[in-house]
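In: need a 3D model of the following:
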Amino acid sequence: MAKDKPRDLRTAMALLWGEQDRPTRGPKPSLTPHRIAGAAVALADAEGLDAVSMSKVAAEFGVSAMALYRYVPGKTELVELMVEYVLAEAPDLSAAGSGWRPRIAEWARRSAAVHHAHPWLLAATAARRQLMGPHQLAWLDAALAALEPTGLSASEQHRVFVLVAGLVRTHAQEQADFDEERAQEWNALTGDLLTRHAPRFPALTRAIAAGAFAAEGPDPLEFGLARLLDGVQALIDADRTAGRVAP
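Out: Predicted structure coming up:
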């Protein structure tokens, strides 16, 4: 069986950064990678990332899939363009307040909002060592800029970013997976089981009775973010005590 042709990373990167060669002769192209990405985003928002294909996106413009390949080499590159499309507005954190904590918290909220608006973004950014365009890097740059005043080492700042981004992704996954009807069914079935088997799970039974899983509890993202940033502050304080960070 013949192996798939290796991906041309240079071409893919040039496309992502808008640095691809453009023909100087012939008719003006009727489409652009940006317009194609926009149509793909609309399709993914409505039907999910798995529903996106070159042929479906091409149909939105009334052209063949082969016509689309003139602009985008394949679905992998298309998904990368989609990520860039939804991250086009990098967060301006200057109005969030002074200091690192309100700014990185605002970054997390903005990121969570984008993930909520586009649930497929989780899957689209799950691949390791994926190519990153200028918009995605601008989000990373904004987060690192927010963390610079901590005085932590560059490595620690990056690890804090990874923790914050991971919290956002976890929250987004919980939102994407939530189904009100299934949740009610699960609660009813689990409640009945625990009523009959309470002695086997005493701590869980007590937690449920005390409202541990109540819907009116603290906002999961805000609660997790506050605890995470408390930990970062503790790290900063420890580094200051040890003389590794200037007061």
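
In: CA only for contacts and neighbour counts going forward, please
Out: Will do.

In: report all helices and strands that the longest helix seen in the chain contacts.
Out: Of all the segments of type helix in the chain, defined by DSSP state H, the longest one is helix 154-177. When contacts are defined as 3 or more Cα pairs under 8 Å, 6 or more residues apart in numbering; DSSP states H and E, helix 154-177 sits against helix 100-117, helix 121-124, helix 134-147, helix 220-241.

In: residue 163 is nearest to which of these?
Out: helix 220-241 (8.0 Å; Cα to Cα).

In: mind checking the pLDDT average for that closest one?
Out: Taken as a whole, helix 220-241 has an average pLDDT of 93.

In: that one packs against which elements?
Out: Counting by 3+ Cα pairs under 8 Å, 6+ apart, helix 220-241 packs on helix 154-177.

In: where does pLDDT dip in this structure?
Out: For the chain, the stretches with pLDDT under 70 are 1-5, 22-28, 127-129, 183, 186, 244-247.

In: quick revisit: any chance of TSV for the helices and strands packed on helix 154-177, columns distance to residue 70?
Out: Below are the helices and strands packed on helix 154-177 laid out as TSV (distance: least, Cα to Cα, whole Å):
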stretch	distance to residue 70
helix 100-117	30
helix 121-124	22
helix 134-147	22
helix 220-241	42
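
In: how about those, which one is nearest residue 58?
Out: helix 121-124 (19.9 Å).

In: in that closest one, what counts as buried?
Out: 121, 122 (16 or more other Cα atoms under 10 Å).

In: do the same with stretch 100-115
Out: By neighbour count on 16+ other Cα under 10 Å, the buried set for stretch 100-115 is 100-112, 115.

In: do stretch 164-181 as well
Out: Under 16+ other Cα under 10 Å, the buried positions of stretch 164-181 are 164, 165, 167, 168, 169, 171, 172, 173.

In: same check, this time on stretch 62-79
Out: 65, 68, 71, 72, 73, 74, 77, 78, 79.

In: how about the buried residues of stretch 164-181 in JSON lines, adding distance to residue 214?
Out: Output for the buried residues of stretch 164-181, formatted as JSON lines (distance: Cα to Cα, whole Å):
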{"residue": "164", "distance to residue 214": "25"}
{"residue": "165", "distance to residue 214": "26"}
{"residue": "167", "distance to residue 214": "21"}
{"residue": "168", "distance to residue 214": "21"}
{"residue": "169", "distance to residue 214": "22"}
{"residue": "171", "distance to residue 214": "17"}
{"residue": "172", "distance to residue 214": "19"}
{"residue": "173", "distance to residue 214": "19"}
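
In: just those now: which is nearest residue 14?
Out: Of these, the one sitting nearest to residue 14 (Cα to Cα) turns out to be residue 165, at 26.5 Å.

In: who's in contact with that closest one?
Out: Applying Cα atoms under 8 Å, 6 or more residues apart in numbering, we find residue 165 in contact with residue 108.

In: can I get stretch 143-162 in CSV, CA atoms only?
Out: Extracted in CSV, the C-alpha atoms of stretch 143-162 (Å, rounded to 0.1, in the frame of the first residue of the first chain):
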residue,chain,number,x,y,z
ALA,A,143,-0.9,35.6,28.3
LEU,A,144,2.9,35.8,28.8
ALA,A,145,2.8,39.6,28.8
ALA,A,146,0.2,39.4,31.6
LEU,A,147,2.5,37.1,33.6
GLU,A,148,5.7,39.0,33.2
PRO,A,149,5.1,41.2,36.3
THR,A,150,5.1,38.1,38.5
GLY,A,151,8.9,38.1,38.4
LEU,A,152,8.8,34.3,37.9
SER,A,153,11.3,32.7,35.6
ALA,A,154,10.3,32.4,32.0
SER,A,155,9.9,28.6,32.4
GLU,A,156,7.6,29.1,35.4
GLN,A,157,5.6,31.7,33.5
HIS,A,158,5.1,29.3,30.7
ARG,A,159,4.1,26.5,33.1
VAL,A,160,1.5,28.8,34.7
PHE,A,161,0.2,29.6,31.2
VAL,A,162,-0.2,25.9,30.5
